[in-house]
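J.: The sequence and its predicted three-dimensional model are supplied below.
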Amino acid sequence: MDDEQRRQKGFTIRRAVLGDAHVDRAEAAKTPITADFQDFITRYAWGEVWSRPGLSLHTRSLITISMLIALNRTEELRMHLNAAANNGVTEDELKEVILHSSLYCGLPAANAAYHLASEILAERAHNPA
């Protein structure tokens, strides 16, 4: 697969996971300093890794959420908690992955994740996609 095919596959997966509105905003916000990075994550993160056949998008979402909790990456966590529904992740599954993360990432990290997830779920309830 060449870079252009990888880019197109990446855009397809990125849009499926994050939604068209998010990807459109990210593309519109590109600057000369961020353009190469945006291209890189589209080709590599989405076109290479997220598109591999070994795990479903659903499973990748749950893994990503738990890793972002561990790393305390709130903005990325917000994005992936929001996107998880696009991959069929249920509210009960979110609850369980955050609870499970509390064992390995710590209670403060899980507590923050529960607060963020509650906020996002409330937003989604008021503004369904």
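T.: That came through, no problem.
J.: Now do the domain split for this structure, please.
T.: 1-54, 55-129 (automatic domain parsing).
J.: just the helices in this structure please.
T.: 3-18, 20-28, 35-40, 57-71, 74-84, 91-105, 107-126 (DSSP state H).
J.: Rebuild those helices as TSV, extending it with distance to Trp50 and mean pLDDT.
T.: Where you see a C-beta, it was placed from the backbone N, CA and C, and this is true even at glycine. Output for these, formatted as TSV (distance: least, C-beta to C-beta, whole Å; pLDDT from 0 to 100):
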stretch	distance to Trp50	mean pLDDT
helix 3-18	5	95
helix 20-28	13	94
helix 35-40	14	96
helix 57-71	6	97
helix 74-84	11	94
helix 91-105	18	96
helix 107-126	20	93
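J.: okay, these in JSON lines with mean neighbour count next?
T.: Output for those, formatted as JSON lines (neighbours: other C-beta atoms under 10 Å):
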{"stretch": "helix 3-18", "mean neighbour count": "17"}
{"stretch": "helix 20-28", "mean neighbour count": "12"}
{"stretch": "helix 35-40", "mean neighbour count": "12"}
{"stretch": "helix 57-71", "mean neighbour count": "19"}
{"stretch": "helix 74-84", "mean neighbour count": "19"}
{"stretch": "helix 91-105", "mean neighbour count": "15"}
{"stretch": "helix 107-126", "mean neighbour count": "15"}
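J.: nearest to Gly47, of those?
T.: helix 3-18 (3.0 Å; C-beta to C-beta).
J.: Roughly how far does the spatially most central residue of the chain sit from Ser101?
T.: Nearest residue to the geometric centre of the chain (C-alpha atoms, centre = their mean): His80, 2.8 Å. Distance of His80 to Ser101, computed by C-beta to C-beta, to the nearest Å: 13 Å.
J.: Great, nothing more from me.
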